[in-house]
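Undergrad: model this:
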Amino acid sequence: MSTFFGWFNLCCALPLLTRRATADTSYLTGKTTDMRLNAVIGITLVLGMFPKTHYGQDVKFNPKDVRKAYSGKSIEAIEFTQDSEHILVSEFDLARGLGTGRVTNVRISEGKGDVLVGPVNVVRAVSISNDNKHVAVGSDQVIILSASDFKKARALGTGSRYVKSLAFSRDGTLLAAGLVIPDKADPSVHMWDVGSGKKLFSVQGDAASRMPRFTQVTGLGFTADGMRLVTAGSGSDIVIWNVKDGTKINSFAHTDGDINAFTISRDGTRFATGSLNGVVCVWTDQGKLETTIKSEEYEDGDQVNSLCFISDNGSSLAVGFGRAGLQLVDLSSPKTPIKLHAGSAVAIAIARDRRFLAAAIPELSINSTSVLVWKKSEK
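TA: Coordinates of the predicted model:
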């Protein structure tokens, strides 16, 4: 009904909008003014009927406003520090193998930094607590650093299993680690109390990989209420756990293919999984599927290598496709993404204040990766 009146008011008022001004002052009084107001209302209602693509402030990064912040070996994970001026980069040397893993605190403005951890065997994960008190580094153990001076606080044992993913709870008191394990019967998820270093529980992550005797927890994260932990395995399994005792609350599967990427929004209300078949699924923290995203460029499939929510509430997402490159997706308009870079991002991070977006993108030469940083557009 309101749409009908919008059309009606617009049709009545358009002659007045095009009428030339005269010396007759009655033209500017009473009824005419009311009809002009009706015209404005009518135009507003009519324009509202036409669909339009809307991009929120979170996806406004200019593809051309980019700089190389760091050049390293095989980079596995990146994370912005609290001040958004530094990036923690975990990497290792594929050519030399084990014993070359390290974490570097890179100063974006200088393109270089200081090694915080290493050399160690391999570093595949790094995480900073929301309260900015601790940094966790995942190798064949979990190393906890103080975020203020990066001094080592303690090491947490994983049974010599390599860590693939790390996540702090919302309040920074708990730390979860997802492991790479050679036998599916071994525990693949560990939970610790950060303050004491006490292990609270270990569980088998139900990651049913297609590869025999091999599995890993691709990603994990805490939900908004802090009472649940979501884990995504290298198969198609997604499990929600009770953080108090490690009991399973729910389990379900990614819709298409083995999971290769995972992210959770900063407020913990949404998480996303990306598969080797190129399908991104966005879920509520209860495990309800909200939407799916595919590469519009490659209908035959395009694997997802990395994911990162770029808004706190999970309304926009950065996706690192294998062939379609790095894309920014507003979930209100998922079929019209912004292509930020043609390269395949193996890791993505967003600054705490949302001013910068970073991605680790392999170069043409083997064993060489660049960390690129985009600044949010002011317009």
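
Undergrad: show me where the stretch 1-150 of the chain has strands.
TA: With DSSP state E, counting those that start in this stretch as the definition, the stretch 1-150 of the chain shows strands at residue ranges 61-72, 74-80, 86-92, 101-107, 112-120, 125-128, 134-138, 141-146.

Undergrad: Pull out the buried positions in the second one.
TA: Burial within strand 74-80, assessed by neighbour count using 16 or more other Cβ atoms under 10 Å, is assigned to 74, 75, 76, 77, 78, 79, 80. The way it works is simple: take the backbone N, C-alpha and C, and place the C-beta from them, glycine included.

Undergrad: Show the low-confidence segments of this structure, by residue range.
TA: In the predicted model of the chain, residues 1-59, 182-185, 205-214, 299-300, 379 satisfy pLDDT under 70.

Undergrad: can you list the domains in it?
TA: Dividing the chain into domains by automatic domain parsing, as the record does, gives the ranges 2-47, 57-376.

Undergrad: Which of those has the highest mean neighbour count?
TA: Among the domains of the chain, the stretch with the highest mean neighbour count (mean count of other Cβ atoms under 10 Å) is domain 57-376, at a mean of 19.

Undergrad: Mind putting the strands of the stretch 1-150 of the chain into CSV with distance to residue 235?
TA: Written out in CSV, the entries for the strands of the stretch 1-150 of the chain read as follows (distance: least, Cβ to Cβ, whole Å):
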stretch, distance to residue 235
strand 61-72, 30
strand 74-80, 20
strand 86-92, 24
strand 101-107, 26
strand 112-120, 28
strand 125-128, 19
strand 134-138, 20
strand 141-146, 24
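
Undergrad: Would you mind saying which of these lies nearest residue 250?
TA: Across those, residue 250 has its closest neighbour in strand 125-128 (24.0 Å, Cβ to Cβ).

Undergrad: what's in contact with the closest one?
TA: 76-82, 88, 90, 103, 134-138, 147, 163-168, 175, 177 (Cβ atoms under 8 Å, 6 or more residues apart in numbering).

Undergrad: what does stretch 93-104 contact?
TA: Contacts of stretch 93-104 with the rest of the structure, by Cβ under 8 Å, 6+ apart, involve 70, 72-74, 88-92, 113-123, 126, 137, 139, 366-367.
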